[in-house]
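K.L.:
Sequence first, then the predicted structure:
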Amino acid sequence: MTPIQDILIVGGGTAGWLTAAFLARQLGTAQGGVRITLVESSDIGIIGVGEGTFPSIRGTLSAIGIGEAEFLQACSATYKQGIRFDHWVRPPGTPGADHYFHPFSQPSQRPGAPELLPYWLGGEAGPTRAFAEAVTLQKAVADARHGPKRVGDGDYLGPLNYAYHFDAGRFATLLATHGQALGVRRVIATVDRVDLDEQGAIAAVHTREAGTLTAGLYIDCSGFRARLIGEALGSPFSSMRDVLFVDRALAMQVPYARPDAPIASYTIASAQESGWIWDIGLQERRGIGHVYSSRHCDDSDAERALRRYIGPAADDLSPRRLTLDIGYRETQWVKNCVAVGLAGGFLEPLESSGIGLIETAAYLIGQLFPFNGDTAPVARHFNAFMKERYARIVDFIKLHYGLTQRTDTAFWRDNADPASFTESLKEKLAMWRCRPPQRLDFITDVEMYLPASWQYVLYGMEFKTEPGAWMAPLNRGEEARREFATIAQLGAHALRDLPPHRTLIEQILARS
Ligand code: FAD
């Protein structure tokens, strides 16, 4: 067995450069540790979408050594405090709530105080107060377009949990700068042939412009092309199209009407007849896109829906068109090659799992790194972990669609048909009809979305947990009512304490 002394990463999008920079830090590339080379094609662009993130990104940026102000400046980034889901339960114009919120902050749980979910289900927060609004003050703050922190809170810290929106192209450039400063060698060349050895491992990668490249470990970050893991090694792709239907996207970059326009501090996910529209506020523009199912809607109807949503600001813009492969490879690490990013899989933009999965994979590779060259046990563990993580995300995303009460189009009727649910999701929902979900329903290391996220979406989608025997021990109603009242008061206080979102960004940039 030969110890691994060098890594070759193929691909220079978010996956390639995030993995390169993160591993350079973890493996000590600049201090004579494992050498890292990244090869990227100048002929094949990066996908250039993927502007919404999950709070884990703060830990990743900090681990790479990127300061928060530098990141905000370089990537036109803004603060994301969650996602507002418009018209997912019922279509526009129907009586009942027209939106719900998935905040990033956990439900309030003061030491010694009761867990609030069962009391909320028992009506103690009042008959009409939505779950996310009853248990955190984050929606009150984000609705008022205030930020999650104050300027003096320090890098990546703040009283409310948060992630970011950013410009994907500029993010890859920032990561490339940091990766190279950390010792990653960059090669601009297109891989056009891959040789395998007798055991079926990668022996060499041939490029058009830079000759032959070899390494102890290859990381495939070549996007949907999956040049190594798919084309060369043939690791099968499991499509999830029968569960998650969207497979096309149209994306536009829409300037603000005024340079000082307020910036939303959450993603707006607006349900459409055959998919949904994302609306993401950056510093100088909004990123807006329609993701839809080609089985339920044609491209021109999808474009009309996007233009209707944006209004006259879209008149002079033409959308980028993308085709999505929805699914993942169950075996993401084959012999001496591991896939990260779109090459490993993609489960649609909802809930920003794409970059989160890149962070997970880079972290696992760094933590489990097979220094001695024995990749087989690490590969087995990595594959089991990632397969389970993808499967849990599939269920979490399906929850958003499957619980709809919409029957206005075939897309929503098909989504609510239990035949399109996975068995594991059906099982969970059956349990949660009889009692509320709780932490121990989840194996938390494997889940990307914590139990609270499931609760926010379940009850945002108006899922019904039947009253029953589980309510018998609930004898702390008075305390719970006080807690709900305190959260409402703290919301008003937070609005005085936390600056408007655009002001917060300007203040942080001015101080840097
Ligand atoms: P790419 O960006 O496609 O990069 C591929 C790289 O490989 C490029 O550098 C290319 O030059 C190189 N390459 C390819 N072939 C070769 C070759 N033969 N030789 C040399 N180099 C090669 N994720 C989120 O987290 N949040 C979101 O909001 C989100 N929204 C999305 C919306 C849409 C419509 C789509 C499609 C994806 C979205 N994603 C989102 C996913 C996210 O965009 C990706 O996970 C992320 O950008 C990583 O892409 P990548 O680096 O794997 O691939």
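P.N.:
Received the coordinates, thanks.
K.L.:
Next, the most centrally placed residue in the chain: phi, psi?
P.N.:
With distances taken as CA atoms, centre = their mean, the residue of the chain nearest its centroid is Ser352 (1.9 Å). Backbone torsions of Ser352, given as degrees, to the nearest 10, read phi 50, psi 50.
K.L.:
Repeat that for Arg286.
P.N.:
When read as degrees, to the nearest 10, the backbone of Arg286 gives phi -110, psi 140.
K.L.:
contacting residues around it?
P.N.:
Going by CB atoms under 8 Å, 6 or more residues apart in numbering, Arg286 touches 253-254, 256, 279-280. Bear in mind the C-beta positions are built from the backbone N, C-alpha and C, glycine included.
K.L.:
ok, Arg321 - how many residues close by?
P.N.:
As a burial measure, Arg321 scores 12 neighbours (other CB atoms under 10 Å).
K.L.:
what's the answer for Val191, then?
P.N.:
25.
K.L.:
Tell me which helix or strand Phe382 sits in.
P.N.:
helix 375-402 (DSSP states H and E).
K.L.:
Show me which residues of that helix are buried.
P.N.:
Across helix 375-402, burial judged by 16 or more other CB atoms under 10 Å covers 375, 378-379, 382-383, 385-387, 389-402.
K.L.:
contacting residues for the closest residue to Leu61 other than its chain neighbours?
P.N.:
With sequence-adjacent residues excluded and distances taken as CB to CB, 6 or more residues apart in numbering, Leu61 is closest to Phe71, at 5.8 Å. Contacts for Phe71 (CB under 8 Å, 6+ apart) come out as 61, 77, 164, 166, 174.
K.L.:
about what we covered before: what's the closest non-adjacent residue to the residue nearest to the centre of the chain?
P.N.:
Using CB to CB, 6+ apart and skipping the chain neighbours, the partner closest in space to Ser352 is Gly52 (4.2 Å).
K.L.:
For the helix holding Phe382, name the packing helices and strands.
P.N.:
Applying 3 or more CB pairs under 8 Å, 6 or more residues apart in numbering; DSSP states H and E, we find helix 375-402 packed against strand 327-329, strand 333-334, helix 353-367, helix 410-416, helix 423-434, helix 451-460.
K.L.:
What residues does the stretch 151-300 of the chain have near the ligand?
P.N.:
168, 190-191, 221-223, 225, 227, 249, 289 (CB under 6 Å from any ligand atom).
K.L.:
now with 8 Å?
P.N.:
168, 172, 189-192, 207, 221-225, 227, 249, 251, 267, 278, 280, 289, 291 (CB under 8 Å from any ligand atom).
K.L.:
Relative to Gly354, how far out is Thr267?
P.N.:
In this view, Thr267 and Gly354 are 13 Å apart by CB to CB, to the nearest Å.
K.L.:
if we can go back for a sec, out of the helices and strands packed on helix 375-402, the one nearest the ligand is which?
P.N.:
Closest approach to the ligand among these (CB to the nearest ligand atom): helix 353-367, 2.6 Å.
K.L.:
how big is the angle separating that closest one from helix 375-402?
P.N.:
Here the directions of helix 353-367 and helix 375-402 differ by 160 degrees (axes from the mean of the first three to the mean of the last three CA atoms, to 10 degrees).
K.L.:
ok, and for the one helix or strand in the chain whose mean pLDDT sits lowest, which residues are buried?
P.N.:
Across the helices and strands of the chain, mean pLDDT, DSSP states H and E gives its lowest value to helix 477-497, namely a mean of 93. Buried residues in helix 477-497, counted by 16+ other CB under 10 Å: 479-480, 483-484, 487, 490-491, 494-495.
K.L.:
after it, next one along is what?
P.N.:
Taking DSSP H and E as the definition, the helix or strand that follows helix 477-497 towards the C-terminus is helix 501-511.
K.L.:
contact partners of that next one?
P.N.:
Helix 501-511 has contacts (CB under 8 Å, 6+ apart) with 68-69, 72-73, 78-79, 145-147, 149-151, 260-265, 283, 498-499.
K.L.:
Quick check: the residue of the stretch 101-250 of the chain nearest the ligand.
P.N.:
Per CB to the nearest ligand atom, Gly223 is where the stretch 101-250 of the chain lies closest to the ligand, at 2.6 Å.
K.L.:
Just to check, that residue is in contact with Leu342?
P.N.:
Yes - counting by CB atoms under 8 Å, Gly223 does reach Leu342; the two are 4.5 Å apart.
K.L.:
Looking at the two, which is more packed in?
P.N.:
Using other CB under 10 Å as the criterion, Gly223 and Leu342 rank with Leu342 on top: 26 against 22.
K.L.:
doesn't that one fall inside a helix?
P.N.:
Yes - counting by DSSP: H, G, I helix; E, B strand; the rest coil, Leu342 is part of a helix.
K.L.:
Would you map the strands across the stretch 101-250 of the chain?
P.N.:
Per DSSP state E, counting those that start in this stretch, the stretch 101-250 of the chain carries strands over the ranges 163-165, 185-188, 191-196, 202-207, 211-213, 217-220, 237-239, 248-255.
K.L.:
What residues sit buried inside the fourth one?
P.N.:
Buried positions in strand 202-207, judged by neighbour count with 16+ other CB under 10 Å: 202, 204-205, 207.
K.L.:
now swap in the fifth one and tell me
P.N.:
In terms of neighbour count (16+ other CB under 10 Å), strand 211-213 has its buried residues at Leu213.
K.L.:
Just the mean pLDDT for it, thanks.
P.N.:
The average pLDDT within strand 211-213 is 98.
K.L.:
And for the second one?
P.N.:
Strand 185-188 comes out with an average pLDDT of 98.
K.L.:
Next: the last one.
P.N.:
Looking at strand 248-255 alone, the average pLDDT works out to 97.
K.L.:
Deepest in the core, which of the strands of the stretch 101-250 of the chain is it.
P.N.:
Of all the strands of the stretch 101-250 of the chain, strand 217-220 carries the top mean neighbour count, a mean of 29, counting by mean count of other CB atoms under 10 Å.
K.L.:
mean confidence score for that one?
P.N.:
Strand 217-220 comes out at a mean pLDDT of 98.
K.L.:
Show residues contacting it.
P.N.:
So strand 217-220 is contacted by 4, 6-11, 16, 19, 202, 205, 226-229, 336-340, 343-344, 365, 370, 375 (CB under 8 Å, 6+ apart).
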